[in-house]
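J.: Fold the following.
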Amino acid sequence: MIPCPFKTPPRWTRRKEARPQELLDAALALFVERGFSATRLDDVARIAGVSKGTLYLYYASKEELFKAVVRENVVPLLGEAEAMIRDHAGSSALLLRQILLGWWERIGETRLSGITKLVMAEARNFPELAKFYNEEVILRGNAMLAQVLERGVASGEFRPLDITQATSVIAAPIMMMMMWKHSFGSPCALPTITPQAYLHGVTDLLLQGLLHHEDRPPAGVI
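T.: Modelled structure (predicted):
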């Protein structure tokens, strides 16, 4: 008797619970490579190995898929950094350096850094996505940096300063690093930037301005 083919288990099966992550991984890769506007949901589904109909079971639109990529990949890392700040018992100067270097290790050197470049490039055409990213990532990241600065000022380690302006000064070279990596750094024969050395140099410069004059260490000591 020939067995019914419909009762024969498939050779390969995909766990249903794995599909959302496969979709998010595919979406992240395409968003970073092509940008938001040029990314097609058909391609996301194809790379994830599912039908477009299956994609819509999890994400109602490309906008919702983008938000899920950010919430699943970027937002949790901000939570980890916030916990690190909360539990840190050492100097604020050391904490600031750890935050900047940790950002590079967890976001900057990964595909996730391309998300910021995408938002900056397409914000005018997709203002709602820009608003979402600003509220869930940028404002939260700025608040985290402000907390480090406020901690240092309160302890007397940092001199009194305009926290809002200082936060923008710290964020600017980080943004530059991401733009360099995903724009000029790829197609152009420009000088190579070593990320860790760059971030150590940025932190040295920042601390020369943050610390009280008598507390300023030689470059690279902290």
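J.: which regions of the protein lie under the pLDDT threshold?
T.: Where the chain drops to pLDDT under 70, the residues are 1-18, 184-191, 213-222.
J.: Isn't residue 26 up against residue 47?
T.: Yes. The pair formed by residue 26 and residue 47 meets the contact definition of C-beta atoms under 8 Å, at 4.0 Å. C-beta here means a position set from N, CA and C on the backbone, and glycine is covered the same way.
J.: hey, which helix is longest across the protein?
T.: The longest helix of the chain (DSSP state H) is helix 163-182.
J.: Mind listing what's buried along the helix or strand that it is followed by?
T.: As assigned by DSSP states H and E, the chain's next helix or strand after helix 163-182 is helix 195-210. Of all the residues in helix 195-210, those buried under the rule 16 or more other C-beta atoms under 10 Å are 198-200, 202-204, 206-207, 210.
J.: So which of residue 26 and residue 47 has more stuff around it?
T.: residue 26 (22 against 15; other C-beta atoms under 10 Å).
J.: next SSE after the helix or strand hosting residue 44?
T.: If you go by DSSP H and E, residue 44 is part of helix 41-48. The first helix or strand that comes after helix 41-48 along the chain, using DSSP H and E, is helix 52-58.
J.: Remind me what that following helix packs against, helices and strands.
T.: If contacts are counted by 3 or more C-beta pairs under 8 Å, 6 or more residues apart in numbering; DSSP states H and E, helix 52-58 sits against helix 19-34, helix 41-48.
J.: Alpha carbons of the longest one, as PDB, please.
T.: Included here for helix 19-34 are C-alpha records, laid out as PDB according to Å, rounded to 0.1, in the frame of the first residue of the first chain:
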ATOM      1  CA  ARG A  19       9.300  33.000  12.200                       C
ATOM      2  CA  PRO A  20       9.100  36.500  13.700                       C
ATOM      3  CA  GLN A  21      12.800  36.500  14.400                       C
ATOM      4  CA  GLU A  22      13.600  35.300  10.900                       C
ATOM      5  CA  LEU A  23      11.400  38.100   9.500                       C
ATOM      6  CA  LEU A  24      13.100  40.600  11.800                       C
ATOM      7  CA  ASP A  25      16.600  39.400  10.800                       C
ATOM      8  CA  ALA A  26      15.700  39.600   7.100                       C
ATOM      9  CA  ALA A  27      14.100  43.100   7.500                       C
ATOM     10  CA  LEU A  28      17.100  44.500   9.300                       C
ATOM     11  CA  ALA A  29      19.500  43.300   6.600                       C
ATOM     12  CA  LEU A  30      17.400  44.800   3.800                       C
ATOM     13  CA  PHE A  31      16.600  48.100   5.700                       C
ATOM     14  CA  VAL A  32      20.300  48.700   6.200                       C
ATOM     15  CA  GLU A  33      21.300  47.600   2.700                       C
ATOM     16  CA  ARG A  34      18.500  49.300   0.700                       C
END
